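1. build me a structure from this.
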Amino acid sequence: MGATTQRQTVYIYNQGRLETEIRPDNSMLQYTYDKSGNLLKRSRGYSSEPYLFSTTAQSYDVYLKSVPESTQKVEFPTWTAQADQDDLEWIPGEKVGNGVWKATVMYSRHGGQKGTYITHIYADGKYVGGTSAQVQDSQRIIAPQEASLADGYYEVSVEGVARTVQEVRFPSWTANNDQDDLENPWIIGEKIDDTTWRIRVPFSKHNFETGNYFTHIYSFDKYGNIGGVGGTVVNVKGGAGGSTETDLSGVSYDVFMYGVDPQAQHVYFPTWTANQDQDDIEWIEGVKVANGVWKGTVVYAKHQSETGNYITHIYTDGKMIGYWSFNVTNTVTVEAPKTVMLGSLFYDVTISGVPSNVTDVKFPTWTDSNGQDDIQWTSGERISPTSWRVRIPFYIHNNETGTYITHIYAYDAYGNHRAVGGMTVNVGN
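-> Model prediction:
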């Protein structure tokens, strides 16, 4: 904000970088840089009253222009309208350009108060002007009231943050054992746009605890001043969960139970398919994978590789504590040419729709000449989270013509595997 006007453009630098440009029409350009010094944005505003600032800004600058070069000292005594001048601070000015002096008003020096801030300006002890500003809340915090450990995380965002803010941090912890799980240094939020910052709170960093999760939010200005801008509490509950990827080509499927009593010795995941009731029921013994988190692995082959609805109940120490169901499909697609010429040297086979839990896909390939004397078991290349590809070079198969046969097998992280497709290609001269 400016206290007087002059008919020229003033350029203000900070650490060798252009920080503020004050135009002859009293408009101001603020320059924003990343941590490497690269220019991110120029923000335009008008230096005209009434001046409005967000409490999230933590500070604001007051400029005095057209100051004679002979001036030795400029002071900016500032106070809030509340309780008169009980918080008066005589802020020493800083000369930032020819005829331009600046003072930074920090909210923390005034109890972080909102409302009217009043500044008088003295040059070499003589009153030369004054200004005032309104400081008010502008932020809005967005977070769920409740979340489930099965979701893996929740997000907290704050909107309406001042554009001048350099950083927003979101210290988070659980009510259990006070702040033993508080991550230090505090996690820096992700800047989504000019005025919005966001953090993701992963439960794995808080020992998968249930109960209240606390997040406080602090903003930092370009000078390193810090202030709280709000907070939130999220009630996190346990429960069952699993992946949304449930194709037979995944070979198996993990069901998780969160928020299990730490004293539990055994957790079981009896599972069956809806087809013909419980004729294929399997009592799967769970594995403890983290504090309060148990996992049961359903292998499709143990249920005749059926598609449709799979049902899992969850028991600990003889008591049912959860339920999960998932629909299993068989929708993978295989792409390969029907015919290819030997002169092309190779062809590709691609399978899509494979769940991301699959760790390997093998493509055993051979020609119909002399049985499987030239069979090659080749691991495919993952080209996307759900697609795998293999290249079949003819020289490995003695440059034979005729029918090339490929079967496809998927493997999970536990070594289980199953056939998930196959195809033939006619190779000619």
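
2. ok, then the element right after the one helix or strand residue 101 maps to?
-> Residue 101 is located in strand 100-106, with elements delineated by DSSP states H and E. As assigned by DSSP H and E, the chain's next helix or strand after strand 100-106 is strand 115-123.

3. the most centrally placed residue in the chain sits in which helix or strand?
-> The residue lying closest to the centre of the chain (C-alpha atoms, centre = their mean) is residue 200, at 5.1 Å. For residue 200, the element it lies in under DSSP H and E is strand 196-202.

4. report the contact partners of the residue nearest to the centre of the chain.
-> The neighbours of residue 200, taking C-beta atoms under 8 Å, 6 or more residues apart in numbering as the test, are 153, 154, 155. C-beta coordinates here come from the backbone N, C-alpha and C atoms, glycine included.

5. check contacts around the second one.
-> Counting by C-beta under 8 Å, 6+ apart, residue 154 touches 143, 144, 147, 200, 201, 213, 234, 236.

6. pretty sure the fifth one sits against residue 171.
-> No - at 10.7 Å, residue 201 does not count as touching residue 171 under the criterion of C-beta atoms under 8 Å.

7. identify the contacts common to the two.
-> Here residue 201 and residue 171 share the contacting residues residue 215, scored by C-beta under 8 Å, 6+ apart.

8. so those two - more neighbours on which side?
-> It is residue 201, of residue 201 and residue 171, that has more neighbours when counted by other C-beta atoms under 10 Å, with 21 against 18.

9. now for that one: which residues touch it?
-> 153, 154, 155, 156, 170, 172, 213, 215, 234.

10. which non-adjacent residue is nearest the first one?
-> Setting aside the residues directly before and after it, residue 153 is nearest to residue 202 in space (C-beta to C-beta, 6 or more residues apart in numbering), at 4.4 Å.

11. what about the one you found, neighbour count?
-> Using other C-beta under 10 Å, the number of residues around residue 202 comes to 11.

12. the chain: helices as residue ranges?
-> For the chain, no helices turn up when DSSP state H is the criterion.

13. run through it and note the low-pLDDT ranges.
-> Under the criterion pLDDT under 70, the flagged ranges of the chain are 1-8, 10-16, 25-26, 35, 45-50.

14. try it again at 50.
-> Within the chain, the segments meeting pLDDT under 50 span 4-6.

15. any idea how far the most far-flung residue of it relative to its centre lies from residue 88?
-> Relative to the centre of the chain, the most outlying C-alpha is that of residue 370, 55.0 Å out, by C-alpha atoms, centre = their mean. Distance, residue 370 to residue 88, by C-beta to C-beta, to the nearest Å: 98 Å.

16. next: residue 340.
-> Separation of residue 340 from residue 88 (C-beta to C-beta): 86 Å.

17. which of those two has more residues huddled nearby?
-> residue 340 (19 against 14).

18. so what's the more buried one up against?
-> Contacts for residue 340 (C-beta under 8 Å, 6+ apart) come out as 347, 425, 426, 427, 428.

19. of those residues, buried ones?
-> Those of these that meet the buried threshold are 347, 425, 427, by 16 or more other C-beta atoms under 10 Å.

20. for the last one, which non-adjacent residue is spatially closest?
-> Spatial nearest neighbour of residue 427, excluding adjacent residues (C-beta to C-beta, 6+ apart): residue 401 at 5.2 Å.

21. how many residues are close by the nearest residue to residue 314 once chain neighbours are set aside?
-> Among residues not flanking residue 314 along the chain, residue 322 sits closest, at 3.9 Å (C-beta to C-beta, 6+ apart). Per other C-beta under 10 Å, the neighbour tally for residue 322 reads 23.

22. wait, residue 322 sits on residue 268?
-> No - using C-beta under 8 Å, residue 322 is not in contact with residue 268; the gap is 11.0 Å.

23. between those two, what contacts are shared?
-> Common neighbours of residue 322 and residue 268, using C-beta under 8 Å, 6+ apart, are residue 314.

24. okay, buried residues for stretch 307-324 please.
-> For stretch 307-324, the neighbour count (16+ other C-beta under 10 Å) marks 307, 310, 311, 312, 313, 314, 315, 316, 321, 322, 324 as buried.

25. distance between the ends of that stretch?
-> 16 Å (C-alpha to C-alpha, to the nearest Å).

26. thinking again about what came up before, what lines up beside the strand holding residue 200 in the sheet?
-> Taking DSSP bridges as the criterion, strand 196-202 forms sheet pairs with strand 153-159 (antiparallel), strand 190-193 (antiparallel).

27. residue 72 contacts residue 124, doesn't it?
-> Yes - between residue 72 and residue 124 there is a contact at 5.8 Å, judged by C-beta under 8 Å.
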